[in-house]
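Peer 1: quick one, fold the following:
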Amino acid sequence: MAWTAYLTVPAFLVLAGYSIVDALAEHSVGDLVTSAPAVPAMSLAEGTTLVSGAFILGALMTPDMTRFNRRPSDVVKHTLISVTLGEYLIGLTAVLLAHAPGPPTSSASSPRPPVSWARSCWPPRS
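Peer 2: Residues are numbered from 1 along each chain as shown. Below is the predicted model of the structure:
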């Protein structure tokens, strides 16, 4: 089963990287960083939920990431680097992608209904 990981993980990373570059290619990074948010500000409860969820996810994933480290110092270095650098890059990418589409073009009185891929494919058409 290891061969599936050797194929799918690089394929996923290439696809994710391509998608991010493709989405950000039409925009200047400076404009994205200085633009106003396209959505209203988060409430304190939403921010608290977001931060606590990130900590919970980190607590759940750290044993899996550090399982094969040889020394306790390797665990500390690995965790510090992955959490610090990883969270920064993931957060920065998420903020840039959130700003990339710009403000919504539809009016608030007639929002476009969400399209469900599953609803459009099921039940099968004959």
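Peer 1: report the central residue of this protein.
Peer 2: Centroid-nearest residue in the chain: Ala94, 5.4 Å away (criterion: C-alpha atoms, centre = their mean).
Peer 1: just the element for that one, please.
Peer 2: Assigned by DSSP states H and E, Ala94 belongs to helix 72-99.
Peer 1: any idea of the pLDDT on the closest residue to Met42 other than its chain neighbours?
Peer 2: Nearest non-adjacent residue to Met42, counting by C-beta to C-beta, 6 or more residues apart in numbering: Leu50, 7.4 Å away. Every C-beta, even on glycine, is put in place using the N, C-alpha and C of the backbone. On pLDDT, Leu50 comes in at 86.
Peer 1: what angle sits between the helix or strand where Thr49 lies and helix 72-99?
Peer 2: When elements are assigned from DSSP H and E, Thr49 belongs to helix 44-66. Counting by axes from the mean of the first three to the mean of the last three C-alpha atoms, to 10 degrees, helix 44-66 lies at 140 degrees to helix 72-99.
Peer 1: what sits up against helix 44-66?
Peer 2: Contacts to helix 44-66, defined as C-beta atoms under 8 Å, 6 or more residues apart in numbering, come from residues Met42, Asp74, Val75, His78, Thr79, Ser82, Val83, Glu87.
Peer 1: tell me which two of those residues sit farthest apart.
Peer 2: Pairwise distances across the contacts of helix 44-66 peak at 36.3 Å for Met42 and Asp74 (criterion: C-beta to C-beta).
Peer 1: show me the contacts for His99.
Peer 2: For His99, counting by C-beta under 8 Å, 6+ apart, the contacting residues are His27, Leu32, Val33, Ser35, Pro37, Ala38.
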